[in-house]
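Asks: my questions are about this predicted structure, shown below with the sequence.
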Amino acid sequence: MLSLRRFLPLLAFSLLGAPLQATDAPTITVRKSDALNVAFVGIGGSDGALASKVAQNDLTLAGWLTLVQPGMASFMISGTFAGGVLQGKVVKGSEVVLSKSYTGSPRMAAHQFVDDIVLTLTGHRGIATSTIAFVGNRSGRKEIYLADYDGSNARQLTHDNGLSVSPAISPNGRRLAYTGYQAGYADIYVIDLATGARVRLIKFPGTNSGARFSPDGNLLACSVSKDGNPELYVIGLGGGVRRLTHTRGAESSPAWSPNAGEIIYSCDETGAPQLYKISSTGGSGRLVPTGFGYCTEPSWSPDGQRLAFNVRSGGGFSVAVMDLNGGEARIVAQGENPVWGADSRHIIYSTGSTISLLDVPTGKSIPVVSGLGKVTEPTWTR
Amino acid sequence: MRFQTFALLSITALLALSGCANKKSKQYAGIDGDYVSGTPLGERTEGANFMGSNVERGQYASVQFGYDSSSVAADQESKLVAVADAIKGSGKTVIVAGFTDERGTQEYNRSLGEKRALAVREALIANGMKANNVQTVSFGSEMPVDPASNDSAWAKNRRAEFGIVK
């Protein structure tokens, strides 16, 4: 088996090698292993200062790029911001790699420019235009807050003056679902973020909580206890109710696969909570072995490759990451509620007093939200 | 043919029963091994808010739970028997609210709190309460009785409280 595996790529190489070399086009080719040395020479123009500062921070946080002096750079990044328009440009020598204009606030235009740079140079979706939602208790009650991915522009979304928790944002960023107790029980509400219109969508008897949008944004997976036990359900925003699980345990924290075919969730059927995988059309849950005795709050990376989740280890709670194609889970941070970003590289999580952004390959973590009381249950658009 | 089918079903049922004999086998439906989760909840009393003025709280002692457990321990049963005896003849509705200690992640604690509330509900039903007169809600780790972070506080906070709808 091993020899066959070694032989096949050699065969493929010998067959394809010649044509590949012959058609080697003069386009930029960026491999994952390449160190992407870029120089950011700033954004000029009358309103360039803020856009420049934001873009500089975005380029640093992106993780894929190494900012160097112009003389050492493979790519030069520049721009001008004037009259509400950012004109951004990336060149490689004399070749223009990216040239695009962005309208809007200096901050949002800079975020969009950097996400385009990341996509163009690495092929990965960026996180700079993402919106974070989380729970904060600065007002004395738990309410839902929104912020840009870098923590700026933080604003309070709900003013329920009760208990508002477990936010989820739809993939297109248009809707936010959360668990609200204002009617006396735990119900799932959905807010249209553009209009502010709110619907009390899931209000079965018992506790309804932990809603997560399907990748197409049309379904919510959540915990519902109306049958006499907390079970996983998939509920359509336009109607339709499907029960997924039938166990004596309590199911919670569904995480959709990127193709919507499967859901990984937490269940305590055998004692301490473990992770299970089930088809999103129902069936039986299968254990996802992690090597840890207590696992909750899974998040499936958008590229489908990895799982982030909470483990109890020692006296505290940690964030673990595991390759779904095999390999051991490893602890990457101390905190709770990890959620993968659009780039399948960064994770946001809660340390209690902060929402922090973790770059998984480097292990670098920075707080992006603080000063809003206890901040928990972060999530973000992706 | 019919006999064969019957025999097959019987064997399946036997296997299903023997497979879970160590657990509460009466909670399994048998035919396809599905678990019948518990007693389905009846329609809510809309407007009844456990934390609001239309629900009387604190009349009855809370049922306490072990760490990560939703089983009603034998030494807690007298508390729920007291509630069932006082309420079952009145036609009033009881809301059982489940709580956890601060350890554990938020959403897991909400599901654990709900499981505790539902376990107490089943016990109330077993003691004569009508299923439709017992509602549940979980607050997870919110609103601790004792906000300290130690074993004694955690033990107090792992509980199910009773609220009587006025």
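Replies: Yes, it's here.
Asks: which ones are touching the residue nearest to residue A:151 when sequence neighbours are not counted?
Replies: Distances taken as Cβ to Cβ, 6 or more residues apart in numbering or on different chains place residue A:368 nearest to residue A:151, at 3.6 Å, with adjacent residues excluded. Every C-beta, even on glycine, is put in place using the N, C-alpha and C of the backbone. When contacts are counted by Cβ atoms under 8 Å, 6 or more residues apart in numbering or on different chains, residue A:368 touches A:132, A:147, A:149-151, A:348, A:354-357.
Asks: any stretches of the chain with poor pLDDT?
Replies: Picked chain A for this. A:1-35 (pLDDT under 70).
Asks: I was thinking of chain B, sorry if that wasn't clear
Replies: B:1-37.
Asks: now residue A:299: how far from residue A:340?
Replies: Residue A:299 is 5 Å from residue A:340, where distance means Cβ to Cβ, to the nearest Å.
Asks: give me the common contacts of these two.
Replies: Joint contacts of residue A:299 and residue A:340 (Cβ under 8 Å, 6+ apart) are A:308, A:347.
Asks: identify the farthest-apart pair in the contacts of residue A:368.
Replies: Farthest-apart pair in these is A:149 and A:354; separation 14.1 Å (Cβ to Cβ).
Asks: the two: which has the busier surroundings?
Replies: residue A:149 (24 against 21; other Cβ atoms under 10 Å in any protein chain shown).
Asks: name the nearest residue to that one, sequence neighbours excluded.
Replies: residue A:130 (4.1 Å).
Asks: can you list contacts of stretch A:179-186?
Replies: A:158, A:160-166, A:187-189, A:200, A:203, A:205-211, B:44, B:46-52, B:55, B:110, B:135, B:137-139.
Asks: filter those to the buried ones?
Replies: When these are checked for burial by 16 or more other Cβ atoms under 10 Å in any protein chain shown, the buried set is A:158, A:160, A:162-166, A:187-189, A:203, A:205-211, B:44, B:48-51, B:55, B:110, B:135, B:137-139.
Asks: nearest to chain B: which residue in chain A?
Replies: As assessed by Cβ to the nearest Cβ, chain B sits closest to residue A:228 within chain A, at 2.6 Å.
Asks: tell me which residues of the helix ranked longest in chain B are tucked away?
Replies: In chain B, ranked by residue count with DSSP state H as the criterion, the top helix is helix B:106-126. Neighbour-count burial for helix B:106-126 flags B:106-125 (criterion: 16+ other Cβ under 10 Å).
Asks: other SSEs contacting whatever helix or strand comes next after that helix?
Replies: Going down the chain from helix B:106-126, the next helix or strand is strand B:134-140, by DSSP states H and E. Applying 3 or more Cβ pairs under 8 Å, 6 or more residues apart in numbering or on different chains; DSSP states H and E, we find strand B:134-140 packed against strand B:94-99, helix B:106-126.
Asks: who wins for proximity to chain A among those?
Replies: Among the helices and strands packed on strand B:134-140, the nearest to chain A by Cβ to the nearest Cβ is helix B:106-126 (3.8 Å).
Asks: for burial, what's the neighbour tally of residue A:82?
Replies: By other Cβ under 10 Å, 13 other residues sit near residue A:82.
Asks: pretty sure it sits against residue A:49.
Replies: No: applying Cβ atoms under 8 Å, one finds residue A:82 not in contact with residue A:49, separated by 11.8 Å.
Asks: please enumerate the shared neighbours of these two.
Replies: By Cβ under 8 Å, 6+ apart, residue A:82 and residue A:49 have no common neighbours.
Asks: domains for chain B, by residue range?
Replies: B:1-36, B:55-165 (automatic domain parsing).
Asks: deepest in the core, which of the ones you listed is it.
Replies: domain B:55-165 (a mean of 20; mean count of other Cβ atoms under 10 Å in any protein chain shown).
Asks: how far does that one stretch from one end to the other?
Replies: End-to-end distance of domain B:55-165 (Cα to Cα, to the nearest Å): 4 Å.
Asks: coming back round to it: so which of the buried residues of helix B:106-126 also contact chain A?
Replies: B:106-108, B:110-115, B:117-118, B:121-122 (Cβ under 8 Å from any Cβ of the partner chain).
Asks: ok, residue A:174 touching residue A:196?
Replies: No: contact criterion Cβ under 8 Å: residue A:174 and residue A:196 do not qualify, at 12.0 Å.
Asks: name the SS class of residue B:155, please.
Replies: With DSSP: H, G, I helix; E, B strand; the rest coil as the basis, residue B:155 sits in helix.
Asks: before we move on, what about residue A:140?
Replies: With three-state DSSP as the criterion, residue A:140 reads coil.
Asks: correct me, but residue A:309 touches residue A:296?
Replies: Yes: at 6.7 Å, residue A:309 and residue A:296 qualify as touching, with contact defined as Cβ under 8 Å.
Asks: in space, what's closest to the residue in chain B that chain A sits nearest to - neighbours in sequence excluded?
Replies: Of all residues in chain B, residue B:38 sits closest to chain A, at 2.6 Å by Cβ to the nearest Cβ. Spatially, and ignoring its direct neighbours in sequence, residue B:38 is nearest to residue A:228 (2.6 Å; Cβ to Cβ, 6+ apart).
Asks: give the contact list for the one you found.
Replies: So residue A:228 contacts B:37-41, B:118, B:121-122 (Cβ under 8 Å, 6+ apart).
Asks: could you do residue B:82 as well?
Replies: Taking Cβ under 8 Å, 6+ apart, one finds B:60-61 in contact with residue B:82.
Asks: that one: what secondary structure?
Replies: helix.
Asks: for residue B:74, see how far away it is.
Replies: For residue B:82 relative to residue B:74 (Cβ to Cβ), the value is 15 Å.
Asks: near chain B, which residues of the stretch 1-150 of chain A are found?
Replies: A:135, A:142.
Asks: show me the strands in the stretch 1-150 of chain A, by range?
Replies: Secondary structure of the stretch 1-150 of chain A by DSSP state E, counting those that start in this stretch: the strands cover A:36-44, A:65-67, A:75-82, A:85-92, A:95-103, A:131-136, A:143-148.
Asks: save these as JSON lines, and put in distance to residue A:265 too.
Replies: Below are those laid out as JSON lines (distance: least, Cβ to Cβ, whole Å):
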{"stretch": "strand A:36-44", "distance to residue A:265": "37"}
{"stretch": "strand A:65-67", "distance to residue A:265": "35"}
{"stretch": "strand A:75-82", "distance to residue A:265": "42"}
{"stretch": "strand A:85-92", "distance to residue A:265": "41"}
{"stretch": "strand A:95-103", "distance to residue A:265": "39"}
{"stretch": "strand A:131-136", "distance to residue A:265": "20"}
{"stretch": "strand A:143-148", "distance to residue A:265": "22"}
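Asks: select, out of those strands, the one closest to residue A:219.
Replies: Among the strands of the stretch 1-150 of chain A, strand A:131-136 sits nearest to residue A:219 (Cβ to Cβ), with 18.6 Å.
Asks: residues in contact with the closest one?
Replies: Against strand A:131-136 from outside (Cβ under 8 Å, 6+ apart): A:142-149, A:151, A:156-157, A:164-169, A:173, A:176, A:348, A:350, A:355, A:368-369, A:372-381, B:106.
Asks: from those residues, which would you call buried?
Replies: Going by neighbour count (16+ other Cβ under 10 Å), the contacts of strand A:131-136 have A:142-149, A:151, A:157, A:164-169, A:173, A:176, A:348, A:350, A:355, A:368-369, A:372-373, A:375-381, B:106 buried.
Asks: strands - which of these land there?
Replies: Counting by DSSP state E, the buried ones among the contacts of strand A:131-136 place A:143-148, A:164-169, A:176, A:348, A:350, A:355, A:368-369, A:372-373, A:375-380 in strands.
Asks: against which helices or strands is the strand or helix carrying residue A:253 packed?
Replies: Secondary structure from DSSP H and E places residue A:253 in strand A:251-256. Applying 3+ Cβ pairs under 8 Å, 6+ apart, one finds that strand A:251-256 contacts strand A:208-213, strand A:219-224, strand A:231-236, strand A:262-267, strand A:295-300, helix B:106-126.
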